[in-house]
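Colleague: Attaching a predicted model along with its sequence, questions to come.
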Amino acid sequence: MARKITMIPQTINPQTRTAMDTRTKRKVAGYARVSTDYEEQITSYEAQVDHYTNYIQSRDDWEFVKVYTDAGISATNTRHREGFNQMVEDALAGKIDLIITKSVSRFARNTVDSLTTVRKLKEKGIEVYFEKEGIYTLDSKGELLITIMSSLAQEESRSISENVTWGQRKRFADGKVSLPYSHFLGYKKGEDGLPEIVPEEAEIVRFIYRSYMNGQTSYAIAKTLTERHIPTPAGKENWRQSTIESILTNEKYKGSALLQKKFTTDFLTKKTKINEGEVPQYYIEESHEPIISPEDFEEVQAEFTRRKKLGRKYSGSTMFSAKLVCGDCGHFFGSKVWHSTSKYRRVIWQCNNKFKGEHFCSTPHLYEDEIKIRFISAFAAFFQNREMVLETCRMLLEDLSDTSALDTKIEMLTMELNDIGTLIREHIQKNAESVQNQDSYNLRYDELTEQYERKKGLLQKMQQKRIEHQSRIESMASFLRTLEKTNEPIDYFDDSIWRTTIEKVTVFHDGRMVFQFVDGTEIEA
């Protein structure tokens, strides 16, 4: 018996999602984008907007929505493209049926972003037309062509990124210094292309360095600048501790430049990381005029490392902070104000733990004038052996400066860590590609990760040892410079000599004070 087949006609237009017998116009929008703000690109941008406006309005079966635009924005991802994101949002809300754009590379240079967006729109029946490639995304061949074209565009973006990176590294290798001037305090770009000092801003930088060496914390300095309504390097009102620390540790303020401190790890996400040896660095001495003398800069680095080592123990506000030690309990002395609201106001120093615990510390309180007088006396006694100390310090500094053995250990541990990391990745990949005995896999994985963590711990210890070693070198160098330019005993308190020569002062219950100098010499005063 013959089968009877009846065809049921199509009633819905797959492109417009409306009945076949209706003459509803498709709501059409254009998308235009250029990736820079250069004048020639602006012309291209304006031409795209004008073209899509006229092109869409010339069609009787299309209803013009608008031309969405993004100017001066890179297209390696779509997160920061407001025009693009607004267009997609409007399309998904039913305001757009068709989007017209110049090419796949104008739409997105990231395959994932491109396909994700196209598929998201396709699910709602929204089509994208790429003029240059002649691709309609609702066409049966659309997605295959989109995938191919997007991949090509992504490779083009990779090539551009690699060329830019090569250019930057070539400038680094040639010693060409460039600063982010709009966010850098103290310098502007000079006529010769090199950093030029801005006098008013340079004074702020010097104030930060002086305050720090006078005992102020980074937090206290930031608070002071905020209260004085001095704008930050980025032009903001509130200073942060991290901003102060960045200024205090930036070698460009002493007229040198360490180039390529960070590098880009992914050209798509633009993610960067601190350069820990993965790519070359370039250090240029005397690359431009300094705001802070190299000697003062090195003193700050030594003090910065010393405070970092002390951690929360350091909370001082003057040059005596974290220098005076209680002979009873070993804690630091801190400043206290007596009679703060009267004419008898005095600042005294006493053990911070004096009245804590079961037994009170018996060490006496000290006046600042007394500390200064005793330091002058201790330095005079120390000065009697100046020549011998200088000779000893020069020999010690020469020995300290040889870090080759420590550097070799760090380099070897880094290589071993990278090798173990490679083995772990290969082990995981092998398990993903073929069937493995999971007990054996887990056992080997645990062995490798244990080795990795052990080596990582050793490397961190060596790196910390390297930092402490460098701090010792900087302290000794500052001590040596101060002693070399001091030709006779002092008869007044010099805060610079105090900072660079004294390691600590131990105060005992009977009032004795033992001054320990940076070279290890101890003198009672």
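Modeller: Okay, I see it.

Colleague: For Tyr344, list the residues it contacts.
Modeller: Tyr344 is in contact with Trp338, counting by C-beta atoms under 8 Å, 6 or more residues apart in numbering. No exception for glycine: its C-beta is placed from N, CA and C like everyone else's.

Colleague: 7 Å - rerun?
Modeller: Counting by C-beta atoms under 7 Å, 6 or more residues apart in numbering, Tyr344 touches no other residue.

Colleague: just the one 4 residues further on next, same as before
Modeller: Neighbouring residues of Ile348 by C-beta under 7 Å, 6+ apart: Lys336, Trp338, His365, Leu366, Tyr367.

Colleague: Look up phi and psi at the closest residue to the fourth one other than its chain neighbours.
Modeller: Same thing as Leu366. Distances taken as C-beta to C-beta, 6 or more residues apart in numbering put Trp349 closest to Leu366, at 4.7 Å, once the chain neighbours are dropped. Main-chain dihedrals, Trp349, degrees, to the nearest 10: phi -120, psi 130.

Colleague: again, but for Lys27
Modeller: phi -80, psi 120.

Colleague: Tell me how many other residues crowd it.
Modeller: When neighbours are counted by other C-beta atoms under 10 Å, Lys27 registers 19.

Colleague: Show the model's pLDDT score for it.
Modeller: Per-residue confidence (pLDDT) for Lys27: 93.

Colleague: Also Gly30?
Modeller: In this model, Gly30 carries a pLDDT of 93.

Colleague: Spit out the contact partners of it.
Modeller: Tyr52, Ile56, Val67, Ile100, Thr101.

Colleague: element containing the fourth one?
Modeller: Put plainly, it is Ile100. Assessed by DSSP states H and E, Ile100 sits inside strand 98-101.

Colleague: which of the contacts of Gly30 sit farthest apart?
Modeller: Ile56 and Thr101 (12.0 Å; C-beta to C-beta).

Colleague: Compare the two (neighbour count), which wins?
Modeller: Comparing Ile56 with Thr101 by other C-beta under 10 Å, the one with more neighbours is Thr101, at 24 against 21.

Colleague: can I assume that one is in contact with Ser114?
Modeller: No - using C-beta atoms under 7 Å, Thr101 is not in contact with Ser114, being 11.0 Å away.

Colleague: Which neighbours do those two have in common?
Modeller: Shared contacts of Thr101 and Ser114, counting by C-beta under 7 Å, 6+ apart, come down to Phe107.

Colleague: domain ranges for this structure?
Modeller: 26-161, 181-312, 364-403+455-524 (automatic domain parsing).

Colleague: Surely Ala381 is within a helix?
Modeller: Yes - the assignment for Ala381 is a helix, going by DSSP: H, G, I helix; E, B strand; the rest coil.

Colleague: doesn't Ile523 make contact with it?
Modeller: Yes - Ala381 lies in contact with Ile523 (C-beta under 7 Å); the separation is 5.0 Å.

Colleague: So which of those two has more stuff around it?
Modeller: Neighbours per residue, other C-beta under 10 Å: of Ala381 and Ile523, the larger number sits with Ile523, 17 against 14.

Colleague: Check the secondary structure at that one for me.
Modeller: Of the three states, Ile523 takes strand according to three-state DSSP.

Colleague: now swap in Leu138 and tell me
Modeller: Going by three-state DSSP: Leu138 is coil.

Colleague: what about it, how many residues close to it?
Modeller: 17.

Colleague: Please report how far it lies from Leu98.
Modeller: According to C-beta to C-beta, to the nearest Å, Leu138 and Leu98 sit 9 Å apart.

Colleague: Name the residues contacting each of those two.
Modeller: Glu127.

Colleague: Leaving out the residues flanking it, which one is nearest to Cys393?
Modeller: Ranked by C-beta to C-beta, 6+ apart and with sequence neighbours excluded, the top spatial neighbour of Cys393 is Leu480, at 4.9 Å.

Colleague: Tell me who's in contact with that neighbour.
Modeller: By C-beta under 7 Å, 6+ apart, Leu480 lies in contact with Cys393, Arg394, Leu397.

Colleague: again, only this time at 8 Å
Modeller: Contact analysis of Leu480 by C-beta under 8 Å, 6+ apart lists Leu390, Cys393, Arg394, Leu397.

Colleague: All set, thanks.
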